[in-house]
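Quick check, what structure comes out for this input:
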Amino acid sequence: MSGPPLAIVGGHVVDPVQGIDGIASVLVRDDKIAGIEPTAKPELPDAVQVIDATGKHVFPGLIDARVYVGEPGSEYRETIASASRAAAAGGVTGFIMMPETDPVIDNVALVDFVTRTARDTALVHVYPSAAVTTGFAGDALTEFGLLKAAGAVMVSEGKRSIANNLLLRHAMTYARDFDLVVALEAHDPHLAANGVMNEGLIATHLGLAGIPREAEIIPLERDLRLAALTGGRYHAAKLSTRDSAKAVAYYKDNHHRVTGAASINHLCLNETDIGRYRTFFRLSPPLRSEEDRVAMVEALAAGTIDLIVSSHDPQDVDTKRHPFSEAADGAIGLETMFAAAMRLYHNGDVPLPRLIDAMSARPAAIFGLPGGSLKKGARADIAIADLELPWVVAEDDLVSRSKNTAFEGARFTGKVLQTLVAGRTVYTSGTTSG
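Have a look, this model is predicted:
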């Protein structure tokens, strides 16, 4: 149901798609953007609801392209509803849900389950993805065309890579015929073996088995070559090393249909953050060296890395409160992705429009999703933030069912204060609506 006309006035509007970066007012009517007026005080009829955004920034709602949810199968970790509340608290108005559930999302019925559950329970838009192979077994492709028609926006093997080169070639060719993105993590399980953190001096000092950079780089280069061979749309889902960024840049420069993402964790943290075996910092890929982190930030600023993702991966106490080598990998991130990204802005590493582009416009463009811009006629998915507001991440304040954040106790500057989905407020600082 459409709400009353709405005007968000006086804020600093950032919309990379339209090249807008300045004081303006956003007008909303019938759940869509009615226009942007380049003034802090537009003339408005009396019936318009007004949100005063003076001193705040206004931008398109964020779109997170890599979110793990426990439903179905592990609802105690996260449900679609609870993930949507966490998303709203972080200014995320839409996210792509990974197929790594129980059972694996590898058929039309399960895609439909996600779509219907999100429609009935979620505060934000939830876009299902589907498995590349049946049951993640790596031997038989799923029905890409039927899955896309049912609503799947990409195909992925979750945290797995595909070992069979011929099968992956067929998958990329098959996906190309449906203009469907194949999004894979580059991970060689044999090179990684029993490793639990980045291979190097720190791993040796801590007495932990290391994972070499080559465990990511070698399968990535294989994937990129097959993408070039097939002409398919390949997305390197979560990169962490300098050489990975260089490899993606080479194929982009040669006009292949490849894109790449980095998690906010790998852009803001490095292997030294593990400290004395802090398991919330056990991630996949592992946190790398500071040199790799800086290289990834530079690649993001240059556009070689297209997207920032939260890689939201809820784990409970039973899987995290273990010795480091026995703990599950993964961290939640929907609520903190924007605030952590503001570190890169305040440090002068990445301009604000590029950050918003990487978390909104580019994911919308790559995966063919509505949103990512405040242009006239677009759905009114909007976030309002105070970029100068200091706050501290506290476990008790997290909305996610799981609390395994890599930013526990972190001091941030910049916070989302209000999130609107289709023109309706679903979050104001401290509360979620529903």
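
a strand runs through residue 372, doesn't it?
No - read with DSSP: H, G, I helix; E, B strand; the rest coil, residue 372 is coil and lies in no strand.

residue ranges of the helices in the protein, please?
Using DSSP state H, the helices of the chain run over 80-89, 108-121, 144-150, 165-177, 189-192, 201-206, 214-230, 242-253, 264-268, 290-302, 317-320, 337-346, 352-356, 362-367.

low-scoring stretches of this protein, by residue?
Confidence mapping of the chain against pLDDT under 70 gives the ranges 1-3, 432-434.

quick one, domains of it?
6-58+378-387+411-432, 61-367 (automatic domain parsing).

So which of those domains is the most surrounded?
Most buried of the domains of the chain, by mean neighbour count (mean count of other CB atoms under 10 Å): domain 61-367, with a mean of 21. In this view, the C-beta of every residue, glycine as well, is placed from N, C-alpha and C.

First-to-last residue distance for it?
End-to-end distance for domain 61-367, by CA to CA, to the nearest Å: 15 Å.

Check stretch 299-306 too.
9 Å.

Make sure residue 174 is actually in contact with residue 146.
No - using CB atoms under 8 Å, residue 174 is not in contact with residue 146, being 11.9 Å away.

which residue sits closest to residue 325, ignoring its sequence neighbours?
Once flanking residues are discounted, residue 325 sits nearest to residue 196: 5.0 Å by CB to CB, 6 or more residues apart in numbering.

before we move on, what about residue 414?
Leaving aside its chain neighbours, residue 414 sits nearest to residue 342 (3.3 Å; criterion: CB to CB, 6+ apart).

contacting residues for the closest residue in space to residue 245 that isn't next to it in sequence?
Once flanking residues are discounted, residue 245 sits nearest to residue 299: 3.8 Å by CB to CB, 6+ apart. By CB atoms under 8 Å, 6 or more residues apart in numbering, the contact list for residue 299 reads 245, 248, 249, 260, 262, 305.

which one among the residues you listed gets closest to residue 390?
residue 262 (25.3 Å; CB to CB).

for the closest one, what are its contacts?
238, 239, 240, 296, 299, 300, 305, 307, 308, 309.

Identify the bridge partners of it.
Taking DSSP bridges as the rule, residue 262 bridges to residue 308.

Against residue 220, how distant is it?
From residue 262 across to residue 220, the span is 13 Å (CB to CB, to the nearest Å).

which residues are in contact with both of the two?
Residues touching both residue 262 and residue 220 (CB under 8 Å, 6+ apart) are residue 239.

Grab the nearest non-local neighbour of residue 112.
Spatial nearest neighbour of residue 112, chain neighbours left out: residue 150 (5.8 Å); criterion: CB to CB, 6+ apart.

export stretch 392-411 as PDB, just CAs?
Provided in PDB are the C-alpha atoms of stretch 392-411 (Å, rounded to 0.1, in the frame of the first residue of the first chain):
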ATOM      1  CA  VAL A 392      31.100   1.400  19.700                       C
ATOM      2  CA  VAL A 393      29.900  -2.100  18.500                       C
ATOM      3  CA  ALA A 394      28.400  -3.900  21.500                       C
ATOM      4  CA  GLU A 395      27.300  -7.500  21.400                       C
ATOM      5  CA  ASP A 396      24.000  -6.700  23.200                       C
ATOM      6  CA  ASP A 397      23.000  -4.200  20.500                       C
ATOM      7  CA  LEU A 398      23.500  -6.500  17.600                       C
ATOM      8  CA  VAL A 399      20.200  -7.500  15.900                       C
ATOM      9  CA  SER A 400      21.500 -10.700  14.300                       C
ATOM     10  CA  ARG A 401      20.600 -13.900  16.100                       C
ATOM     11  CA  SER A 402      24.300 -14.800  16.100                       C
ATOM     12  CA  LYS A 403      26.900 -12.400  17.700                       C
ATOM     13  CA  ASN A 404      30.100 -13.500  16.000                       C
ATOM     14  CA  THR A 405      31.200 -10.100  14.700                       C
ATOM     15  CA  ALA A 406      34.800  -9.400  13.800                       C
ATOM     16  CA  PHE A 407      34.200  -5.800  15.000                       C
ATOM     17  CA  GLU A 408      33.200  -6.500  18.600                       C
ATOM     18  CA  GLY A 409      34.200  -3.500  20.700                       C
ATOM     19  CA  ALA A 410      35.300  -1.600  17.500                       C
ATOM     20  CA  ARG A 411      35.100   2.200  17.600                       C
END
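
Give the buried residues for that stretch.
Applying a neighbour-count criterion of 16 or more other CB atoms under 10 Å, one finds 393, 398-408, 410 buried in stretch 392-411.

Nearest to residue 388 among the helices of the chain would be which one?
Among the helices of the chain, helix 337-346 comes nearest to residue 388, with 9.0 Å by CB to CB.

helices and strands around the closest one, which ones?
Helix 337-346 sits against strand 62-67, helix 264-268, strand 307-309, helix 352-356, strand 382-392, strand 411-421, with contacts defined as 3 or more CB pairs under 8 Å, 6 or more residues apart in numbering; DSSP states H and E.

what do you get if the cut-off is 7 Å, keeping everything else the same?
Counting contacts by 3 or more CB pairs under 7 Å, 6 or more residues apart in numbering; DSSP states H and E, helix 337-346 is packed against helix 264-268, helix 352-356, strand 411-421.

So which of those is nearest residue 22?
Ranking the helices and strands packed on helix 337-346 by their distance to residue 22 (criterion: CB to CB) puts helix 352-356 first, at 10.9 Å.

quick revisit: does the residue nearest to residue 112 touch residue 108 like I think?
Yes - checked against CB atoms under 7 Å, the pair residue 150 and residue 108 is within contact range at 4.5 Å.

For the closest residue in space to residue 36 that isn't next to it in sequence, name its beta-bridge partners.
The shortest distance from residue 36 to any non-neighbouring residue, by CB to CB, 6+ apart, is to residue 24 (5.2 Å). Using DSSP bridges, the beta-bridge partners of residue 24 come out as residue 11.

mind listing what residue 24 touches?
By CB atoms under 7 Å, 6 or more residues apart in numbering, the contact list for residue 24 reads 13, 36, 37, 38, 39.

hang on, the earlier thing: so which two of the buried residues of stretch 392-411 are the farthest from each other?
Greatest spatial distance among the buried residues of stretch 392-411 (CB to CB): 401 and 410, at 20.1 Å.

Serialize the contacts of residue 299 to a markdown table and add fields for distance to residue 95.
Shown next, in a markdown table, are those (distance: CB to CB, whole Å):
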| residue | distance to residue 95 |
| --- | --- |
| 245 | 24 |
| 248 | 23 |
| 249 | 27 |
| 260 | 18 |
| 262 | 17 |
| 305 | 19 |
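
Which pair in the residues you listed has the greatest spatial separation?
The largest separation in the contacts of residue 299, counting by CB to CB, is between 249 and 262 at 13.3 Å.
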